[in-house]
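Chemist: just to be clear, the model below is a prediction. Sequence and coordinates:
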Amino acid sequence: MALDIEPILGRYAHIAIEGVRHRIYWEEAGEGIPLVCLHTAGSDGRQYRAVLNDPNITRHFRVMVFDMPRHGKSSPAPGTVDDDYSLTAAHYVAQIMAFCEAFELDRPVAMGCSIGGRIVLHLARHHPQAFRALIGLQSSAHVDPYYDTGWLDRADVHGGRMCGAFAHSLMAPTSPSEHVDETRWHYMQGGPGIFRGDLHFYRGAEGDIRDELAKIDVAACPLHLLTGEYDFSCRPEDSRALAEALGIEVTIMPDMGHFPMSENPEVFLGYLRPVLETVRAAQAA
């Protein structure tokens, strides 16, 4: 039997983020228009494995997925491993901009899910000129707290199992079990307190961008929204409200949950490819 080797290249880069040097792990595949993918809270870039492996996409796009500091294979900055981690909007934006600038990417496309789907709104508000398009997966302007995050970082609770169980609850029952299992496995491997620290941005005032929506100019940078219908963290009505406020359309994906690119990748790619073709057409024009 021939060895099946995926065309993904993984490497490390030393990148300064807000003046602090970080050892950042990223994976990439393909060539063409840069497509920077942003993973969800508490997980890492492995969620985008199907995008990295899709020749229909990598034929025209240089897909790049980096693990945020403290996530996946990216370590905390030296001397900070014991620090209390709480993600802020400013630091999240700084990570993305530093990565794009380090690789001298020419107006990349940025696509993010969950916290990544929220941060693309901040990018649209503050850095529209730096991107040729933004794609929000499970995007909403805010989310009301609906559980006690203290359970995610307790001495008497297995944090990894708790994170995996929570991620499981956000996935559609129709998603293939092999992809559901891999998605929650990634969540079980997160560092202590990392998922909770990411939710500081997602659930709190840090990430709430409702008051800034009127200042987002979608003509300056096109924004595309894709939302799975089976999601109580970002409900279809939340994304519809966002789209209405911005005067754009949203695609609701049936039988998909909070992690569309990871829990049901083949179906998700069918929604993503037309969006990327729209980006390519705009590039050609």
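Modeler: Perfect, I can see it now.
Chemist: alpha carbons only for contacts and neighbour counts from here, please
Modeler: Noted.
Chemist: helices of the stretch 151-285 of the chain, residue ranges please.
Modeler: 159-169, 177-188, 194-203, 236-246, 260-263, 265-284 (DSSP state H, counting those that start in this stretch).
Chemist: just want the angle from the last one to helix 177-188.
Modeler: Read it as helix 265-284. 80 degrees (axes from the mean of the first three to the mean of the last three CA atoms, to 10 degrees).
Chemist: what packs against helix 265-284?
Modeler: helix 49-52, helix 55-58, helix 260-263 (3 or more CA pairs under 8 Å, 6 or more residues apart in numbering; DSSP states H and E).
Chemist: just name the most buried of those helices.
Modeler: A comparison of the helices and strands packed on helix 265-284 by mean neighbour count, using mean count of other CA atoms under 10 Å, puts helix 260-263 on top with a mean of 26.
Chemist: which strands and helices lie in contact with that one?
Modeler: Against helix 260-263 (3+ CA pairs under 8 Å, 6+ apart) you get helix 49-52, helix 177-188, helix 265-284.
Chemist: closest to residue 42 out of these?
Modeler: Counting by CA to CA, residue 42 lies closest to helix 177-188 out of the helices and strands packed on helix 260-263; the figure is 6.3 Å.
Chemist: so for the closest one, what gets flagged as buried?
Modeler: 179-180, 182-188 (16 or more other CA atoms under 10 Å).
Chemist: contacting residues for the residue lying closest to residue 222 once chain neighbours are set aside?
Modeler: Of all residues beyond its chain neighbours, the one nearest residue 222 is residue 133 (4.9 Å), with distances taken as CA to CA, 6 or more residues apart in numbering. By CA atoms under 8 Å, 6 or more residues apart in numbering, the residues touching residue 133 are 108-110, 221-224, 279.
Chemist: one more pass at 7 Å, please.
Modeler: 109-110, 221-223, 279 (CA atoms under 7 Å, 6 or more residues apart in numbering).
Chemist: low-confidence ranges in the stretch 101-250 of the chain?
Modeler: 147 (pLDDT under 70).
Chemist: switch to 90 and redo it
Modeler: Per-residue confidence for the stretch 101-250 of the chain (pLDDT under 90) gives these ranges: 144-163, 192-193, 203-206.
Chemist: just give the number of residues close to residue 15.
Modeler: 18 (other CA atoms under 10 Å).
Chemist: beta partners of it?
Modeler: residue 22 (DSSP bridges).
Chemist: where's it relative to residue 115, distance?
Modeler: 22 Å (CA to CA, to the nearest Å).
Chemist: cool, and residue 108?
Modeler: 19 Å.
Chemist: and the two? Which one has more around it.
Modeler: Ranked by neighbour count (other CA under 10 Å), residue 108 and residue 115 place residue 115 first, with 26 against 21.
Chemist: looking at it, the more buried one is touching residue 40, isn't it?
Modeler: Yes - at 5.6 Å, residue 115 counts as touching residue 40 under the criterion of CA atoms under 7 Å.
Chemist: which ones among the contacts of residue 133 lie within strands?
Modeler: 109-110, 223 (DSSP state E).
Chemist: residue 200: which of those is nearest?
Modeler: Nearest to residue 200 among these, with distances taken as CA to CA, is residue 110, at 21.9 Å.
Chemist: in the sheet, who's paired with that closest one?
Modeler: residue 36, residue 134.
Chemist: can you tell me how far it is from residue 275?
Modeler: In terms of CA to CA, residue 110 sits 12 Å off from residue 275.
Chemist: so between the two, which is more surrounded?
Modeler: Shown here are residue 110 and residue 275; by other CA under 10 Å, residue 110 has more neighbours (27 against 17).
Chemist: quick one: residues contacting that one.
Modeler: 35-37, 133-135 are the contacts of residue 110 under CA under 7 Å, 6+ apart.
Chemist: could you rerun that using 10 Å?
Modeler: 34-38, 63-64, 96, 100, 116-117, 119-120, 123, 130-136, 223 (CA atoms under 10 Å, 6 or more residues apart in numbering).
Chemist: of those residues, buried ones?
Modeler: So, by 16+ other CA under 10 Å, the buried ones in these are 34-38, 63-64, 96, 100, 116-117, 119-120, 123, 130-136, 223.
Chemist: the residue nearest to residue 38 when sequence neighbours are not counted: neighbouring residues, count only.
Modeler: Distances taken as CA to CA, 6+ apart put residue 112 closest to residue 38, at 4.3 Å, once the chain neighbours are dropped. Neighbours of residue 112 under the rule other CA under 10 Å: 22.
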